[in-house]
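# pasting the structure only:
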Ligand SMILES: *Cc1c(COP(=O)(O)O)cnc(C)c1O
């Protein structure tokens with residue numbers, strides 16, 4: 001097995017595409033003017049931001065003036081949920097979300113709880129889906145905000161957002177969705193979806209890190225959470241991340257142009273990978289529905305082993321994968337997403353997330369399967385709960 005470097009963690013972040021980087025570079029050096037300045041190079045920067053705003057808006061079917069650039073998807077989530085709830089406190093203090101949200105959302109909800117809000121976190125079924133009926137039943141006359149993610153970062157499942165947004169609308173409740181993982185993988189149309197607010201981030205679609213955006217439907221009240229200058233139509237103060245915004249715009253343009261080809265190619269590679277793993281390795285399970293799922297995501301449990309140990313052995317072979325979301329990879333607490341799916345804790349510990357992207361080659365997949373076969377075998381042979389000894393992971397003799 002000749003060693004190669006294989007990156008299979010596109011849901012954690014993506015490399016910046018060459019065309020994106022090329023477009024960005026002049027905005028660090030020649031075209032560095034402050035977009036708020038009145039002289040020519042300032043106005044050129046302002047123009048570049050306007051163009052990027054159009055590109056990001058086009059990718060989600062919004063109007064440019066409904067796009068507000070932020071420092072990240074995390075900031076967009078925090079802003080939407082915290083200001084969305086706080087500005088409606090006169091009407092009520094109840095927020096509804098799900099158990100499988102990203103930490104940017106979950107920790108914003110915890111912050112709201114500390115400030116006296118009550119939060120309902122909806123369960124998901126074994127496939128990873130929120131039930132629109134359960135969501136409607138959770139609504140009270142104190143509910144002011146609902147936030148349910150579009151596509152999940154760990155298992156890739158895609159929620160019925162149009163249906164959920166419709167329920168929120170019927171009840172006159174503000175609706176937000178975290179679409180960071182959905183962007184570039186689904187054709188998003190904010191009008192057809194009927195959402196009020198939607199979070200996105202550049203570094204998940206081959207743009208730079210440190211730049212995101214919040215879509216806020218025109219007419220929706222959302223106070224600013226950063227106070228200072230008049231940037232972003234007085235909604236989000238702070239001198240703009242000019243090069244970052246330009247890069248986000250270019251990445252959005254490419255994502256829009258290449259969406260169908262991306263979905264088809266990446267989806268085919270993922271299906272090939274899952275098929276080969278199932279064929280070559282006994283006792284594996286795929287977590288989350290394989291229908292309504294992001295094209296590049298495969299979340300797989302390898303029974304009887306520790307995912308962390310497997311991750312490190314794969315790393316020695318040059319392969320980068322994740323045990324769950326990048327944010328929880330430093331902790332040993334079992335994934336809240338797999339827990340919500342009802343996956344038993346010992347199986348969660350044997351789970352890895354593989355996410356495939358535009359630079360993944362079929363040879364990368366073949367190499368990864370080869371490494372998996374070797375390393376899963378190795379770990380199982382030294383595992384005290386190995387299948388060969390007739391033990392199951394819960395310690396019961398079968
Ligand atoms: C990556 C991610 C975020 C955070 O975006 P950043 O720009 O990295 O802050 C939020 N939600 C989801 C679903 C993500 O995958």
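Sure, I can see it. Computed from a predicted structure; not experimentally measured. Residues are numbered from 1 along each chain as shown.
# What's the first helix or strand after the helix or strand of the chain with the lowest mean pLDDT?
None of the helices or strands of the chain scores lower by mean pLDDT, DSSP states H and E than helix 345-348, at a mean of 92. Heading C-terminal from helix 345-348, the first helix or strand you meet, by DSSP states H and E, is strand 351-355.
# buried set for the least confident helix or strand of the chain?
With burial defined by 16 or more other CB atoms under 10 Å, the residues of helix 345-348 counted as buried are 346-348. Every residue, glycine included, has its C-beta placed from N, CA and C.
# And it, what does it pack against?
Applying 3 or more CB pairs under 8 Å, 6 or more residues apart in numbering; DSSP states H and E, we find helix 345-348 packed against helix 336-340.
# quick one: is the helix it packs on near the ligand?
No. Helix 336-340 does not reach the ligand (CB under 6 Å from any ligand atom); its nearest approach is 10.5 Å.
# neighbouring contacts of that helix?
98-100, 106, 123-124, 128, 152, 154-155, 287, 299, 324-325, 328, 345, 347-348, 351 (CB atoms under 8 Å, 6 or more residues apart in numbering).
# Show me these that map onto strands.
98, 299, 351 (DSSP state E).
# so the first one makes contact with residue 129?
No. At 9.6 Å, residue 98 does not count as touching residue 129 under the criterion of CB atoms under 8 Å.
# Identify the contacts common to the two.
With CB under 8 Å, 6+ apart as the test, residue 98 and residue 129 both reach residue 159.
# Of these two, give the one with the bigger neighbour count.
Between residue 98 and residue 129, residue 98 has the larger neighbour count (other CB atoms under 10 Å), namely 26 against 20.
# list the contacts for residue 229?
36, 237-239.
# Which single one of these is nearest to the ligand?
residue 238 (15.8 Å; CB to the nearest ligand atom).
# How about the contacts made by the residue of the chain found nearest the ligand?
At 2.6 Å from the ligand, residue 73 is the closest residue in the chain, using CB to the nearest ligand atom. Neighbouring residues of residue 73 by CB under 8 Å, 6+ apart: 102, 104, 178, 180, 199-201, 204, 212.
# Let's see that with 7 Å instead.
104, 180, 199-201, 212 (CB atoms under 7 Å, 6 or more residues apart in numbering).
# beta partners of residue 284?
Residue 284 has the following beta-bridge partners by DSSP bridges: residue 302.
# That one - how many residues pack around it?
Residues near residue 284, counting by other CB under 10 Å: 18.
# One more: the one 3 residues further on?
Each residue near residue 287 was counted by other CB under 10 Å, and the total is 26.
# With residue 257 instead?
There are 11 residues near residue 257, going by other CB under 10 Å.
# who's in contact with it?
Residue 257 makes contact with no residue under the criterion CB under 7 Å, 6+ apart.
# how about a cut-off of 10 Å?
residue 59 (CB atoms under 10 Å, 6 or more residues apart in numbering).
# what's the distance between it and residue 19?
11 Å (CB to CB, to the nearest Å).
# Tell me which residues touch the closest residue to residue 73 other than its chain neighbours, please.
What sits nearest to residue 73 in space, not counting adjacent residues and going by CB to CB, 6 or more residues apart in numbering, is residue 201, at 3.2 Å. Applying CB under 10 Å, 6+ apart to residue 201 gives the contacts 13, 70-77, 104, 178-181, 183, 207, 209-213, 248.
# Wait, residue 83 touches residue 227, no?
No. Using CB atoms under 10 Å, residue 83 is not in contact with residue 227, being 11.9 Å away.
# and these two? which has more neighbours close in?
Per other CB under 10 Å, whichever of residue 83 and residue 227 has more neighbours is residue 83, with 19 against 9.
# Show the pLDDT at residue 1.
We have a pLDDT of 79 for residue 1.
# For it, give me its contacts.
317, 367, 370-371, 374.
# go on, residue 235?
Per CB under 10 Å, 6+ apart, neighbours of residue 235: 68-70, 79, 83, 214, 216, 222-226.
# what about the helices in the stretch 101-250 of the chain?
103-114, 132-138, 161-170, 190-193, 231-234, 242-280 (DSSP state H, counting those that start in this stretch).
# Let's test this: mean pLDDT of the first one, rounded?
Summarised as a single mean, pLDDT over helix 103-114 is 98.
# Same question for the fifth one.
In this model, helix 231-234 has a mean pLDDT of 96.
# related to what we said a few turns ago, adding pLDDT, write the contacts of residue 235 out as CSV.
CSV is the format used below for the contacts of residue 235 (pLDDT from 0 to 100):
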residue, pLDDT
68, 98
69, 98
70, 98
79, 98
83, 98
214, 98
216, 98
222, 98
223, 97
224, 96
225, 95
226, 96
